[in-house]
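Asker: what follows is a predicted structure for the sequence shown.
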Amino acid sequence: MIMKHALILALLAFAIPAFAKVNVPSQVKLKFTEAYPLVTKVQWSKAGKIAYRADFSVKKFRNSVTIDTGGTIIETRESIKPSTAPTAVKKYMTKHFPKAPTKTATKVTNKKGSTAYLMVNDSTSVILDAEARKWKSVQNP
C-alpha cells in the first residue's frame, strides 16, 4: 500500500518538470551513461530537491529516468505502444472505456522494481499495475 502511494506521488511529482539549463552532478550523469550508453541527446531538469530527470528518445519513443544526487535511479518511464501493455491492463481499458481507445501508454518503474502503467485516452488517464488493479484515475482537461 505504501509503495503504491509512493509510486503515485512520484508519477504526479515528475509529470511536468521545469525545463531549464541545469547543472547536473557528475555522479548523476555517470549513472545515466552507465544505464543508457547509446543515448546521446538528453534534456536534463531538476526533479525535486535531490534528483534530476533525463528526458530522451529511443526509437521514436519518449523516455525518462530520474536519478538522485547519489546516483540511484529513482524512477524510469518508458513510452510503449498501448498494444504491448500487459493483457490485464488492455482488458481493463477496453472494458471500462469501450468507446475511447488508449492513445498513449507509459511503463513506469520505481527504484524498488514496482511497475505501473499510465494509460491515456481522450478523456482519462489511468494508472494500473500489471494485474490491472487501479491505483488512480484522473479526468484529462
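Answerer: Thanks, I have it. All of these numbers come straight from a predicted model, not from anything done at the bench.
Asker: could you use CA atoms for every contact and neighbour count after this?
Answerer: Noted.
Asker: so where is the protein shaky, pLDDT-wise?
Answerer: The chain contains residues with pLDDT under 70 at 1-20.
Asker: can you give me the strands in it?
Answerer: Assigned by DSSP state E, the chain shows strands spanning 18-19, 43-46, 51-58, 61-68, 73-80, 104-110, 115-120, 124-129, 134-139.
Asker: how far off centre is stretch 62-75?
Answerer: Remark: stretch 62-75 is offset 11 Å from the chain centroid, using CA atoms, centre = their mean, to the nearest Å.
Asker: report the buried residues of that stretch.
Answerer: For stretch 62-75, a neighbour-count test (16 or more other CA atoms under 10 Å) marks Asn63, Ser64, Val65, Thr66, Ile67, Asp68, Thr69, Gly71, Ile73, Ile74, Glu75 as buried.
Asker: how about the strands of the chain in a markdown table, adding distance to Leu30?
Answerer: Below are these laid out as a markdown table (distance: least, CA to CA, whole Å):
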| stretch | distance to Leu30 |
| --- | --- |
| strand 18-19 | 20 |
| strand 43-46 | 13 |
| strand 51-58 | 12 |
| strand 61-68 | 10 |
| strand 73-80 | 11 |
| strand 104-110 | 19 |
| strand 115-120 | 24 |
| strand 124-129 | 30 |
| strand 134-139 | 33 |
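Asker: mean neighbour count, the ones you listed: which tops it?
Answerer: Sort these by mean neighbour count, taking mean count of other CA atoms under 10 Å, and strand 115-120 sits at the top with a mean of 24.
Asker: and it, which strands flank it?
Answerer: strand 104-110 (antiparallel), strand 124-129 (antiparallel) (DSSP bridges).
Asker: partners of the residue nearest to Val22 when sequence neighbours are not counted in the sheet?
Answerer: Distances taken as CA to CA, 6 or more residues apart in numbering put Ser45 closest to Val22, at 6.1 Å, once the chain neighbours are dropped. Beta bridges link Ser45 to Phe19, Arg53, judged by DSSP bridges.
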